[in-house]
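Asker: coordinates only, no sequence provided:
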């Protein structure tokens, strides 16, 4: 299953984790910004 292997390659997993980290950072900033205002 070449497509399955490509989907779960380390590079794809790194990209997915990077996007999740960016979203977490964005929501954390929005949360603290909402508390301060």
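Answerer: That came through fine. A quick note: this is a predicted structure, and the numbers were derived from the prediction, not measured. Numbering: from 1, shown residues only.
Asker: could I get the contacting residues of residue 19?
Answerer: Residue 19 sits next to no residue when contact means C-beta atoms under 8 Å, 6 or more residues apart in numbering. In this view, the C-beta of every residue, glycine as well, is placed from N, C-alpha and C.
Asker: and the pLDDT at it?
Answerer: Looking at residue 19, its pLDDT stands at 88.
Asker: residue 26: neighbour count?
Answerer: Applying other C-beta atoms under 10 Å, we find 10 other residues in the vicinity of residue 26.
Asker: quick one: it and residue 33, what's the gap?
Answerer: Between residue 26 and residue 33 the computed distance is 10 Å (C-beta to C-beta, to the nearest Å).
Asker: how far does the helix or strand where residue 33 lies sit from the chain's center?
Answerer: Assigned by DSSP states H and E, residue 33 belongs to helix 10-36. On the basis of C-alpha atoms, centre = their mean, to the nearest Å, helix 10-36 is displaced by 6 Å from the centre of the chain it belongs to.
Asker: same question for stretch 27-37.
Answerer: Averaged C-alpha coordinates place stretch 27-37 at 19 Å from its chain's average position (C-alpha atoms, centre = their mean).
Asker: average pLDDT for it?
Answerer: Averaging the model's pLDDT scores along stretch 27-37 yields 89.
Asker: make residue 1 into 55 and carry on from there
Answerer: Shifting the count to begin at 55 puts that one at stretch 81-91.
Asker: list the buried residues of the helix holding residue 87.
Answerer: Of the residues in helix 64-90, none has enough neighbours to count as buried (16 or more other C-beta atoms under 10 Å).
Asker: tell me the centre residue of this structure?
Answerer: Per C-alpha atoms, centre = their mean, the C-alpha nearest to the average position across the chain is that of residue 74, at 1.4 Å.
Asker: what's the spacing between it and residue 89?
Answerer: Residue 74 sits 23 Å away from residue 89, going by C-beta to C-beta.
Asker: for residue 82, same thing?
Answerer: Distance check for residue 82 against residue 89: by C-beta to C-beta, it reads 11 Å.
Asker: before we move on, what about residue 83?
Answerer: Shown here: residue 83 relative to residue 89, a distance of 11 Å by C-beta to C-beta.
Asker: and for residue 80?
Answerer: 15 Å.
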